[in-house]
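Enquirer: got a sequence here, can you build the structure:
(4 chains)
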There are 4 protein chains.
Amino acid sequence: MAGNTFGTIFKLTTYGESHGIAIGGIIDGCPAGLKLDLDAIQSDLDRRKPGQSKIVTQRKESDTVQFMSGIFEGVTTGTPIGFQIINENQKSKDYSHIKDTYRPSHADKVYDDKYGVRDYRGGGRSSARETASRVVAGAIAKQLLSSFKFNAFTSSVGDLFIDKPYQDLDFNEIENNVVRCPDPAFAKAFEEKIMQVRKAGDTIGGTITCVIQNVPSGLGEPVFDKLHADLAKAMLSINAVKGFEYGSGFCGAKMKGSDHNDLYNEDGTTKTNLSGGIQGGISNGMDIYFRVAFKPVATLIQNQDTINNAGEKVIMQGKGRHDPCVVPRAVPIVEAMAALVMADHFLRARTTRL
Amino acid sequence: MAGNTFGTIFKLTTYGESHGIAIGGIIDGCPAGLKLDLDAIQSDLDRRKPGQSKIVTQRKESDTVQFMSGIFEGVTTGTPIGFQIINENQKSKDYSHIKDTYRPSHADKVYDDKYGVRDYRGGGRSSARETASRVVAGAIAKQLLSSFKFNAFTSSVGDLFIDKPYQDLDFNEIENNVVRCPDPAFAKAFEEKIMQVRKAGDTIGGTITCVIQNVPSGLGEPVFDKLHADLAKAMLSINAVKGFEYGSGFCGAKMKGSDHNDLYNEDGTTKTNLSGGIQGGISNGMDIYFRVAFKPVATLIQNQDTINNAGEKVIMQGKGRHDPCVVPRAVPIVEAMAALVMADHFLRARTTRL
Amino acid sequence: MAGNTFGTIFKLTTYGESHGIAIGGIIDGCPAGLKLDLDAIQSDLDRRKPGQSKIVTQRKESDTVQFMSGIFEGVTTGTPIGFQIINENQKSKDYSHIKDTYRPSHADKVYDDKYGVRDYRGGGRSSARETASRVVAGAIAKQLLSSFKFNAFTSSVGDLFIDKPYQDLDFNEIENNVVRCPDPAFAKAFEEKIMQVRKAGDTIGGTITCVIQNVPSGLGEPVFDKLHADLAKAMLSINAVKGFEYGSGFCGAKMKGSDHNDLYNEDGTTKTNLSGGIQGGISNGMDIYFRVAFKPVATLIQNQDTINNAGEKVIMQGKGRHDPCVVPRAVPIVEAMAALVMADHFLRARTTRL
Amino acid sequence: MAGNTFGTIFKLTTYGESHGIAIGGIIDGCPAGLKLDLDAIQSDLDRRKPGQSKIVTQRKESDTVQFMSGIFEGVTTGTPIGFQIINENQKSKDYSHIKDTYRPSHADKVYDDKYGVRDYRGGGRSSARETASRVVAGAIAKQLLSSFKFNAFTSSVGDLFIDKPYQDLDFNEIENNVVRCPDPAFAKAFEEKIMQVRKAGDTIGGTITCVIQNVPSGLGEPVFDKLHADLAKAMLSINAVKGFEYGSGFCGAKMKGSDHNDLYNEDGTTKTNLSGGIQGGISNGMDIYFRVAFKPVATLIQNQDTINNAGEKVIMQGKGRHDPCVVPRAVPIVEAMAALVMADHFLRARTTRL
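Expert: Numbering: from 1, shown residues only, chains lettered A, B, ... in the order given. Next up is the predicted model:
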């Protein structure tokens, strides 16, 4: 049983390989009557696309989304929204060197183990190119939730991290630099770090913090589909993600209850927000915030020892155009997945009461 | 749309409030022909139950599971397995003090916000008592996956953490101490820490590490239902969990690709395992390991300022029998949820190839 | 992947074998705040239970439902409603004669083929006893849809059929006779027919017509989950059902478009209703009506030739207490399944518009 | 919650309006390693397409399917199969007359009621054009089930019906006539009937019988997802379908048990097959057969009284190119939906046993 659908009421199903004809998807369950801002959708795609700055891969893809259905005269009709992004850069000749060879820390071998057959061109289905479809759907989810505010940003690169609470950051700064960092000084440091790693033909990991504001109380479903459980799954489903924490997170595991409890104000808000805006899996109206860990990209511009599908040692030559750090381009993906989770629970909550 | 079912093929649906007549569930999709060891199921329940040692709540519940269907002459028949655990300790008089009052960092208020009505006795549906049903189902999942090895253990309490790789630990030690720690020296330190916190009427957080061994390559589904994404959701769905990381986790976000990549041996195993046994969402045959962060229990034996449902300030008196640290009792829950995820993907993988 | 759950938002999962400890289920997704009339639920169960009249099986089961969760002070809380019906009549000694023998037109052999193991007592999971759980859930669904009217009735027994449109029948008569027929004359004829068949140790088929009134326009989902497609599945999932037709049904297949089209009145109602209250899979506000065909019960009080699981010829002796005609007891089951479909679509429709 | 996905493991999600840019879909869950015969897929599409003979609509659409993903070097890879069919005939000027007018017995009004907005061109999402996507997926399902035989055919038009059991028919004749009838004499009569109705600007209903052979025992899931229940839903989800019966069907409701029971041969086959190849919802290895009723097409080449969306009386002028009888073109759709059901249960059955 395959796993290419996300969501229960606001549902996204995606298809497509990195170097096939197109990638795309179907959004089923978007309510009727939503006037779509198509430019805003394309704009989120542009934040994710390759070639947008010197710190990301220099591959060229315009990543233009085309909608096939579900929108009439600019308004959603309640029927499924089919869309596609044509793969413009699908020359397969570049990938013959990995046809039989398993790249370290890539999914090449497990796909062969699992399926017995594999579209090896550019990683095929395991390529992060698939996430462009998520950005399309997430951008629509954001428009559905027009009163919510989604702000994700690069909060660390390697061992450099923003040492300020998010409340002290200006989210308007995020798009003012190529690393998508709301603090100009850290932005510069992050960028330098990435350029330095790139020169060495290496890659580096980092984290993204996401803050969701203006969320009403009551979203999220006990017991398995807790709001943060669905956020965790959404984030871990993004390529290269290794960890997720919300609210106090792993730090909370070091604390005492008397320090950790969020006491109430008389209006029902809480004085602190170590809970991260979610209690018992249900939003409480405070800011939702979480952090996502990305490993360094596995493709290096260095030679690496590896094996081929006959189990023979081979040397994998590092070449091509790759991201030295996936984090800046992953910012809109994190926002998109967060928006998909929130849109789904927003609609689910409509069926809670008589 | 409610969220009381976990899994897609091996599915658990649970019901029940902390102080209702019973809790229980239905396991649908367990294959026919599995000879069940009922004692092993009860044994996992006993590891979770209250009153088992001096460092856990002293509430008394025998937590005896009764199976209603799906098993004939000791063997699963492929039909749904209904089961229940009678709530023996359901005196509701103890809970009148929280009928109208919202306990800090509990789900009382959000349940009222969401549903407009709430079974306030012992937290009702938001109580971790529900996880007993998960342990029942997880114990059956473990028997289905008899060749897999599931070992979870307490890896930190407060700021004390085991500073050794899991490979240097003896999993046979886990059940030899009340904190479920595989290292006797740390076990003693963890226990002392918990007893000290308890005396102060306080609580403390901690982490659980889980290692799954003997997993075949090929389990997990691209792109949304990656094996680690489902593990993340499973873990975050457990009460009090704030974070999840697998393989290199948050540390991996600080690393370079040249340090992080797992190079292959000729037999297809990898020399290192920063990937945590999963690549591209699919198991690769190496050990799967992950870490789960638990916040400190919100119920203190201390007075706390809070509000009632009229928005008035009230003082919540700390009383009752509660866990000073949830981690030792959560160890079998983590194992159970891990087993549910693996059982589901084990069956899903049967439909992958022609 | 098993199939013991019905519905998508208002969901029923059932468990239980005919002669196990209990049958029961979990209703997940019933909205919070519904004040339940428990007597009305038991009353629907009583309409289905054995031993209620001389034309049904004389087995004795009180079929008393017990609710375990999800209801607090008489009101639904939005959490799962667990319930059970203890099997009082579970003496398994009566069933040794079918342990190894396959009853003609029963599911004995296919269960063995499929699962390799089978609880043979009373048909196990394949027994229509399971439908008692559906009646419980359906009775709650009816209360959720308190403005809808569900009326099912026996419309034919063997080749005797009510030769009047349902508009000419008095639904208040349905419960005034043991066959559940709204026309007293036909009720008498149906009853005589069944008694005559019973005396011969034989059984007979029949049909149930169901009319759902006061349904708002807009329920049902294009394209696969059309309202009538879900009704069809619901009905065919009832034991012994062989056919379903709604509106003009099989007669409609003989008609011309100029005779079949339902023309509009100015208020949007239609002058005729060959559409059966559904157009394009969506309710249009007119009466929904459909007809369900039940085959004759396969258990006869006659000797029959058959085989055992070794493929040897054996004679199956007819004995025991069985229904000569399943239709009268199936009336509340048809209503229950119809109510489950409508409740599910009632909640689904809440997510259709912005 | 929308309903544009069919199946649980072998899953089809479709998108597209009659006069949008394209229709298409995603097949998720097709096993890897299936060598596809693309010509056979197009061939099934050609059986469904408009303009193929004088008895169907003379609209011109080449209905050429293009695959976007999931197939590599002619073999399925286990990843989702995205496909599309460009709408070539999408001039919307022809549909201004139905922009505000509700065609009798069409879905125009209920779409407005439900969604508040509607793509009125050619019926939009409610058009049977959507079924072309089902034919694509069904053709792949047939190839997955290469040993099964699917034969659907026109068994009645109006009140003319084939008065022979299907065993006496030659399925090879089906494609030898434009009405898809396996009996040449009836084929001629059906064709004449349709031509006569067409000349009058009218339409007519009919039935399709479908026979599935070489099905192994054990497919189908108790209790809700019985094989015939899923077939019923599949068939009722096809545009214009009003009824479904399998095996003895509505005739079975008139019979006695002693006549209806299928007695066993020693090899486990049955002497008769009134069960229709399914017992207790599970295939028993005998032929599966069922019958589907189609109402007459609602679009007439006659003037009809109707209303507009302001509730005013208007006269709808009959014009355009429409099918006088939908049945001949629906034959491949019935086969496709049957194949989707069988493929899904074929894969589901893989998880039944240890």
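Enquirer: was I right to think A:C325 contacts A:I55?
Expert: Yes - A:C325 is within contact range of A:I55, at 7.0 Å (criterion: CB atoms under 8 Å). From N, CA and C alone the C-beta is placed, and that goes for glycine too.
Enquirer: the two: which is more packed in?
Expert: A:C325 (29 against 22; other CB atoms under 10 Å in any protein chain shown).
Enquirer: any idea how many residues pack against the nearest residue to the more buried one once chain neighbours are set aside?
Expert: In space, and not counting its chain neighbours, A:C325 is closest to A:I194: 4.7 Å by CB to CB, 6 or more residues apart in numbering or on different chains. By other CB under 10 Å, the residues close to A:I194 number 26.
Enquirer: correct me, but A:I194 touches A:V179?
Expert: Yes - assessed by CB under 8 Å, A:I194 is found in contact with A:V179 at 6.9 Å.
Enquirer: need the overlap of contacts for the two.
Expert: A:55, A:157, A:328 (CB atoms under 8 Å, 6 or more residues apart in numbering or on different chains).
Enquirer: sitting in strands, which of these do you find?
Expert: Cross-referencing these against strands under DSSP state E gives A:V157.
Enquirer: could I get the shared contacts of A:I194 and A:V179 as JSON lines with pLDDT and distance to A:I23?
Expert: Putting the shared contacts of A:I194 and A:V179 into JSON lines (pLDDT from 0 to 100; distance: CB to CB, whole Å) gives the following:
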{"residue": "A:I55", "pLDDT": "87", "distance to A:I23": "24"}
{"residue": "A:V157", "pLDDT": "98", "distance to A:I23": "28"}
{"residue": "A:P328", "pLDDT": "97", "distance to A:I23": "21"}
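Enquirer: out of the shared contacts of A:I194 and A:V179, who's nearest chain C?
Expert: Taking CB to the nearest CB as the measure, chain C lies nearest A:P328 of these, at 33.3 Å.
Enquirer: what sits against the closest one?
Expert: With CB under 8 Å, 6+ apart, A:P328 has these contacts: A:53, A:55-56, A:154, A:178-180, A:194.
Enquirer: try 6 Å
Expert: A:154, A:179-180 (CB atoms under 6 Å, 6 or more residues apart in numbering or on different chains).
Enquirer: distance of it from A:F186?
Expert: 13 Å (CB to CB, to the nearest Å).
Enquirer: shaky segments in chain A?
Expert: A:90-94 (pLDDT under 70).
Enquirer: what about 90?
Expert: A:51, A:53-61, A:88-99, A:122, A:316-322 (pLDDT under 90).
Enquirer: for chain C, give me its nearest residue in the stretch 51-200 of chain A.
Expert: A:G78 (5.6 Å).
Enquirer: hang on, that residue packs against A:A32?
Expert: Yes - the pair A:G78 / A:A32 is scored as a contact, 3.2 Å apart, by CB atoms under 6 Å.
Enquirer: how about the one residue in the stretch 251-354 of chain A that gets nearest to chain B: what's its closest non-neighbour residue?
Expert: Residue nearest to chain B within the stretch 251-354 of chain A (CB to the nearest CB): A:G280, separated by 2.5 Å. Closest residue to A:G280 apart from its sequence neighbours, by CB to CB, 6+ apart: B:A107 at 2.5 Å.
Enquirer: now the one you found: phi and psi?
Expert: phi -90, psi 10 (degrees, to the nearest 10).
Enquirer: burial measure for it, as a count.
Expert: Applying other CB under 10 Å, I find that B:A107 has 28 neighbouring residues.
Enquirer: and for A:Q52?
Expert: 16.
Enquirer: for it, helix, strand, or coil?
Expert: Secondary structure, DSSP: H, G, I helix; E, B strand; the rest coil: A:Q52 is coil.
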